[in-house]
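Asker: Show me the folded form of this:
(chains A and B)
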Amino acid sequence: MDVSGILAEHESRSKAIQVDRLIPVEHDLGVLASFDINMLDETKLRAGQKVRDNYLKEVSREGAQILINELFSLPTTTDDDSVYASLPKTTTVLPREKPIPKEKPMTRWEKFAKIKGIQNRKKSRMVFDENQGEWRPRYGYKGVNNDDQKPWLVEVPANADPDKDQFQARREEKKERINKNQRRQQRNLEEGAMSEKRKHPQQMRKRELQKALVLSKSSTASMGKFDEKLEGEPKIKGLKRKFDPLVAAAGKEKSKNMDILSRVAKGDTSATVLNVRKAQRAINNSKRTKK
Amino acid sequence: MRPLTDDETKVLFEKLAKYIARNIIHLIDRPDEPYCFRLQKDRVYYVSESNMRRATAIGRKNLVSLGICFGKFTKTGKFRLHITALQYLAQYAKYKVWIKPNGEMPFLYGNHVVKAHIGRVTEDIPEHQGVVIYNMADVPLGFGVSARSTVDMRKVDPTGIAVFHQADNGEYLREEDALF
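Answerer: Numbering: from 1, shown residues only, chains lettered A, B, ... in the order given. Predicted structure coming up:
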């Protein structure tokens, strides 16, 4: 039985599977996309609505056909009632919405540990308390590190004042430790912020301290004139007035005077000649209040 | 001793311009010798450069005076002309007032000039303009500020003030200790 006739008839009814493109079409099958950069036929686009619509339909059908062809070339797994293609990873790079997060500046301990090659060991959160025979958190609520806060008995050291409350001393010691740690955290934050600006943290801190000192000392009614001087107090350096040399080059002073005279004669009263003292004061003030 | 700053020069010139207007140029640009303005203890001196160079040998504390004192800067930064500047003001004055012999002495004692004493006046003096005062023999006596313009002066009664007193030659005696 010759089926070629039937096949040919069947084939003529369905559209062509094979699609040819001048420039090969790119695919990103991970997101089921294909990118066709071939030019559209302009004469057909401008020919009339019917021709154009048909043409665009044809183009999009071919595009879908290419994508589906690609999908069928992927490795597939078969289920009872359907076939699954496993998609590859997407290759299209999408731009990031937010900037890449900056690397956190290292704390002093981290720097030290890096130099010494100290590795972080993971410690379990819970530790076994042999006295009570149960697992308890290492720190925090009901933590084992609070135990020394509430002993039922504290031995008074041999050389200590017998009237001193040793329980109170322990509490204060702990408070002190907490405060110290907080100060160090603060210092790490400040140093991190400075090193981000590429400034030396210690020098910056010194400068800020001096600035604060100058500001606070000049905040009295006498602008700090009668304040007690501190040891190592920074000297305030303002802008110094500078005068022209007493004996100037020949003709230089004359030409300067002529210049001013011409301005005075024109009637320019204020804006032309810079009031140097006023300007200096403004600069000094802005310097002092800045930062 | 130091040169004037720009704004000091400006203040000085503005004051001088009230008396000698554009003639300041003759003070700066002299044919005979270069002259300059120098500030010493708030006073402005007009001095030839050669003298100024000699004066540099004297310390600031010891230097009493040099050249011709034009006046002094007040603490508020204004400039006040002194009678010693009269010779240059009289030479280049734009507006002049001549006073009669009977008005000379009242003026030299530091009073304002009344209209009755005025002998002759330059035409078209505006109001509040610096004027130099001469006697009828053309000897400069001092300077002042016009109280009225020349036109308005005619309407004033004889006892009305015509020129406000600024400085007069009598100051050489009255202000002898403070002047230099």
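Asker: Up against chain B, what does the stretch 101-250 of chain A have?
Answerer: Residues of the stretch 101-250 of chain A lying close to chain B (CB under 8 Å from any CB of the partner chain) are A:243-248, A:250. Heads up, the C-betas are built off the backbone N, CA and C, glycines and all.
Asker: mind giving me the domain split of chain B?
Answerer: The record's domain parsing of chain B by automatic domain parsing lists B:2-81, B:93-174.
Asker: Take the ones you listed and lay them out in CSV including mean neighbour count and mean pLDDT.
Answerer: Rendered in CSV, the data for those read as follows (neighbours: other CB atoms under 10 Å in any protein chain shown; pLDDT from 0 to 100):
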stretch, mean neighbour count, mean pLDDT
domain B:2-81, 16, 90
domain B:93-174, 17, 91
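Asker: so which of those comes closest to chain A?
Answerer: Evaluated over the domains of chain B, closeness to chain A peaks at domain B:2-81, with 4.5 Å, by CB to the nearest CB.
Asker: now that closest one: how far from the chain's centre is it?
Answerer: Mean C-alpha position of domain B:2-81 versus that of the full chain (CA atoms, centre = their mean, to the nearest Å) differs by 13 Å.
Asker: what distance separates the start and the end of that domain?
Answerer: Length of domain B:2-81, first residue to last, CA to CA, to the nearest Å: 19 Å.
Asker: can you tell if that domain touches chain A?
Answerer: Yes: Domain B:2-81 comes into contact with chain A (CB under 8 Å from any CB), by way of B:2-3, B:5-7, B:9-10, B:13-14, B:17, B:22, B:24-25, B:28-29, B:34, B:36-38, B:49, B:52-53, B:56.
Asker: Grab the longest helix from chain A for me.
Answerer: The longest helix of chain A (DSSP state H) is helix A:166-196.
Asker: after that helix, next one along is what?
Answerer: helix A:201-217 (DSSP states H and E).
Asker: following that following helix, which helix or strand comes up?
Answerer: Next element after helix A:201-217 (DSSP H and E): helix A:252-266.
Asker: Report all helices and strands that that next one contacts.
Answerer: helix B:6-20, helix B:24-28, strand B:35-40 (3 or more CB pairs under 8 Å, 6 or more residues apart in numbering or on different chains; DSSP states H and E).
Asker: check contacts around residue 80.
Answerer: You didn't say which chain, so I picked chain A. Applying CB atoms under 8 Å, 6 or more residues apart in numbering or on different chains, we find residue A:80 in contact with no residue.
Asker: right idea, wrong chain: chain B
Answerer: With CB under 8 Å, 6+ apart, residue B:80 has these contacts: B:71-74.
Asker: Same question for residue B:180.
Answerer: Residue B:180 touches B:64-65, B:69, B:84, counting by CB under 8 Å, 6+ apart.
Asker: And residue B:69, by the same measure?
Answerer: Residue B:69 makes contacts with B:43-46, B:82, B:84-85, B:179-180, as judged by CB under 8 Å, 6+ apart.
Asker: swap the cut-off to 7 Å and go again
Answerer: B:43, B:45, B:82, B:84, B:180 (CB atoms under 7 Å, 6 or more residues apart in numbering or on different chains).
Asker: Inside strands: which ones of the residues you listed?
Answerer: B:43, B:45 (DSSP state E).
Asker: Kindly reformat the contacts of residue B:69 as CSV containing distance to residue A:112.
Answerer: Below are the contacts of residue B:69 laid out as CSV (distance: CB to CB, whole Å):
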residue, distance to residue A:112
B:43, 68
B:45, 69
B:82, 75
B:84, 77
B:180, 75
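Asker: just the contacts of residue B:69 now: which is nearest residue B:111?
Answerer: residue B:82 (18.6 Å; CB to CB).
Asker: That closest one contacts residue B:65, doesn't it?
Answerer: No: here residue B:82 does not reach residue B:65: they are 11.3 Å apart, not a contact under CB atoms under 7 Å.
Asker: ok so, going back, which two among the contacts of residue B:180 are spaced furthest apart?
Answerer: B:64 and B:84 (13.4 Å).
Asker: shared neighbours, those two?
Answerer: With CB under 7 Å, 6+ apart, residue B:64 and residue B:84 have no common neighbours.
Asker: so who does residue B:26 touch?
Answerer: By CB under 7 Å, 6+ apart, the contact list for residue B:26 reads residue B:92.
Asker: ok, 6 Å please
Answerer: Contact analysis of residue B:26 by CB atoms under 6 Å, 6 or more residues apart in numbering or on different chains lists nothing.
Asker: sorry, back to before: of all the contacts of residue B:80, which two lie farthest apart?
Answerer: Among the contacts of residue B:80, B:71 and B:74 lie farthest apart (CB to CB), at 9.6 Å.
Asker: need the helices for chain B, in chain order.
Answerer: Under DSSP H, chain B gives helices at B:6-20, B:24-28, B:49-55, B:86-92, B:101-108, B:150-153, B:171-174, B:176-179.
Asker: Now the stretch 51-200 of chain A against chain B: closest residue?
Answerer: Closest point on the stretch 51-200 of chain A to chain B, by CB to the nearest CB, is residue A:199, at 37.3 Å.
Asker: Could you report the separation of the residue nearest to the spatial centre of chain A from residue A:108?
Answerer: By CA atoms, centre = their mean, chain A has its centre lying nearest to residue A:102, at 4.2 Å. When distance is defined by CB to CB, to the nearest Å, residue A:102 is 19 Å away from residue A:108.
Asker: And residue B:99, by the same measure?
Answerer: Residue B:99 is 88 Å from residue A:108, by CB to CB.
Asker: Could I get the contacting residues of residue 143?
Answerer: No chain specified, so I'll use chain A. residue A:137.
Asker: try chain B instead
Answerer: B:89, B:132, B:166-167.
Asker: Mind checking the pLDDT average for stretch A:42-55?
Answerer: The average of the pLDDT scores along stretch A:42-55 is 90.
Asker: Show me how far that stretch is from its chain's centre.
Answerer: 52 Å.
Asker: returning to that earlier point: what angle separates the longest helix of chain A from helix A:201-217?
Answerer: 100 degrees (axes from the mean of the first three to the mean of the last three CA atoms, to 10 degrees).
Asker: Just the mean pLDDT for helix A:166-196, thanks.
Answerer: 91.
Asker: what's next to the least confident helix or strand in chain A by mean pLDDT, contact-wise?
Answerer: None of the helices or strands of chain A scores lower by mean pLDDT, DSSP states H and E than helix A:276-289, at a mean of 73. For helix A:276-289, the surrounding residues in contact (CB under 6 Å, 6+ apart) are A:238-239.
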